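Novice: Need coordinates for the below:
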Amino acid sequence: LTMASQVAADLGDKVLEIKYKVIAQKGTKLMESKLWNGSYYNLANDYLGKRGIDDGCLTDQLMGQWIADNAGVGYLFDKEKVHKSLKSILERSFMDNSFLRNCSWPAYPELFPIHTSNLWVDQANTPWAGVELAFASFLIYEGMVDDGLKVIKAVDDRYRKAGLYFDQQEFGGHYFRSMSSWTILNAFLGFTSNRGLISFNPKNHKDNYTLFFATSDGTELYKKTQNSVSIEVRTGEMKFSKLKFENTGIVSKNPKLYLDGNPIQSVKIEKTESAIIVSSQKEVTVNYGSFIELR
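Specialist: Residues are numbered from 1 along each chain as shown. Got it, this is the predicted structure:
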């Protein structure tokens, strides 16, 4: 809804822009007021009925924020509460550094006693690789890289030991939820794509490295050296109207953008305290085999 509001604004539709913005703000306010318990967002609150509050700590409780991180929309909730929730999920549901279960309850710090309940299936105690890997990428996007790597290692060790690393078992084999692992690549690069704006905020602080990423039109390599960043298009093409680079290590006050070694004159480059922003009035297309370089 936050993105829909932005799209409506771009289209000049004030009515839809305000409508979606109000709905998004109302949803955030409800979650903050009805679900936040000081450590995480409760599983449920039947505040209009008689069932009361369910204080389950769901691993997917902030999936909307994870999607917002991927889309570059920004924070839907208070950043401090987001990080506190992520830490609470790890503390309560990451069992013996071996698996991350789907949900946990304060009254049952080990496992939910399904044998004494009327539940017919045990989903809460179960680890789903697709949920675990999505959560790991969420941690990395939010800068909790070491914690994200611990979760990834747990999944890797578990399935590698069983000889099923490329066949995670959920509702049968080859379950597609584990494709969420793709977002781990994006998270390490801090990659987001939103209506022509492509952003990079790598979580890697080395002087030299290469990371893979993909846009809707192609695949690319992001290459970092001590005083430059380049993007090489390996398949398809990359289109953008604005690029935002963070954590580049470039100290020059006047960096330039080059296409295949030649300066691009039609772009505007702004350097702020935290980022280098490249803007173009017309959409720029970088074709297969070409590369752009900021230096």
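Novice: Mind listing what's buried along whichever strand or helix holds residue 244?
Specialist: Remark: residue 244 resides in strand 228-246, with elements defined by DSSP states H and E. Taking 16 or more other Cβ atoms under 10 Å as the neighbour-count basis, strand 228-246 is seen to contain the buried residues 228-233, 236, 238-245. Just so you know, the C-beta spots here come from the backbone N, C-alpha and C atoms, and that holds for glycine as well.
Novice: Of all pairs in those residues, which one spans the longest distance?
Specialist: Comparing all pairs in the buried residues of strand 228-246 by Cβ to Cβ, the longest separation belongs to 228 and 236, at 23.6 Å.
Novice: one step back: tell me how far the strand holding residue 244 lies from the chain's centre.
Specialist: Once both centres are worked out by Cα atoms, centre = their mean, to the nearest Å, strand 228-246 turns out to sit 19 Å from its chain's centre.
Novice: neighbouring contacts of the helix or strand just after that strand?
Specialist: Scanning forward in sequence from strand 228-246, with DSSP H and E defining helices and strands, the next element found is strand 257-259. The contact list for strand 257-259 (Cβ atoms under 8 Å, 6 or more residues apart in numbering) reads 263-264, 267, 269, 278, 286, 290-295.
Novice: Turn those residues into a markdown table, including neighbour count, distance to residue 90 and secondary structure.
Specialist: Written out in a markdown table, the entries for the contacts of strand 257-259 read as follows (neighbours: other Cβ atoms under 10 Å; distance: Cβ to Cβ, whole Å; DSSP: H, G, I helix; E, B strand; the rest coil):
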| residue | neighbour count | distance to residue 90 | secondary structure |
| --- | --- | --- | --- |
| 263 | 9 | 47 | strand |
| 264 | 16 | 44 | coil |
| 267 | 19 | 42 | strand |
| 269 | 16 | 40 | strand |
| 278 | 22 | 37 | strand |
| 286 | 21 | 39 | strand |
| 290 | 14 | 42 | coil |
| 291 | 18 | 39 | strand |
| 292 | 22 | 38 | strand |
| 293 | 19 | 39 | strand |
| 294 | 20 | 36 | strand |
| 295 | 14 | 39 | coil |
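Novice: Most widely separated two among these?
Specialist: Of all pairs drawn from these, the one with the longest distance (Cβ to Cβ) is 269 and 290, at 19.0 Å.
Novice: from the contacts of strand 257-259, which is closest to residue 140?
Specialist: Comparing the contacts of strand 257-259 against residue 140 with Cβ to Cβ picks out residue 294 as the nearest, at 23.2 Å.
Novice: Quick check: nearest residue in space to the closest one, chain neighbours excluded?
Specialist: Computed as Cβ to Cβ, 6 or more residues apart in numbering, the closest residue to residue 294 that is not its neighbour in sequence is residue 229, at 4.8 Å.
Novice: can you give me the end-to-end distance of stretch 175-195?
Specialist: Across its full length, stretch 175-195 reaches 30 Å between end residues, using Cα to Cα, to the nearest Å.
Novice: wait, I meant stretch 36-51
Specialist: Note: stretch 36-51 ends 17 Å apart using Cα to Cα.
Novice: looking at the chain, which residue lies furthest from center?
Specialist: Taking Cα atoms, centre = their mean as the measure, the residue most remote from the mean C-alpha position of the chain is residue 116, 37.1 Å away.
Novice: Contacts only, for the residue nearest to residue 294.
Specialist: Taking Cβ under 8 Å, 6+ apart as the definition of contact, the neighbours of residue 229 are 200, 222-223, 245, 248, 250, 293-295.
Novice: same question, residue 210
Specialist: 221-224.
Novice: go again using 10 Å as the cut-off
Specialist: The contact partners of residue 210, taken as Cβ atoms under 10 Å, 6 or more residues apart in numbering, are 204, 221-225, 230, 232.
Novice: Next: residue 167.
Specialist: Taking Cβ under 10 Å, 6+ apart as the definition of contact, the neighbours of residue 167 are 159, 173-175, 178.
Novice: who wins for most neighbours among those residues?
Specialist: Each of these was scored by neighbours using other Cβ atoms under 10 Å; the highest score is residue 178's, at 22 neighbours.
Novice: Correct me if wrong, but it is in a helix.
Specialist: Yes: checked against DSSP: H, G, I helix; E, B strand; the rest coil, residue 178 lies within a helix.
Novice: Make sure it is actually in contact with residue 136.
Specialist: No: taking Cβ atoms under 10 Å as the definition, residue 178 is not a contact partner of residue 136, at 11.5 Å.
Novice: So for the two, which residues contact both of them?
Specialist: Common neighbours of residue 178 and residue 136 (Cβ under 10 Å, 6+ apart) are residue 155.
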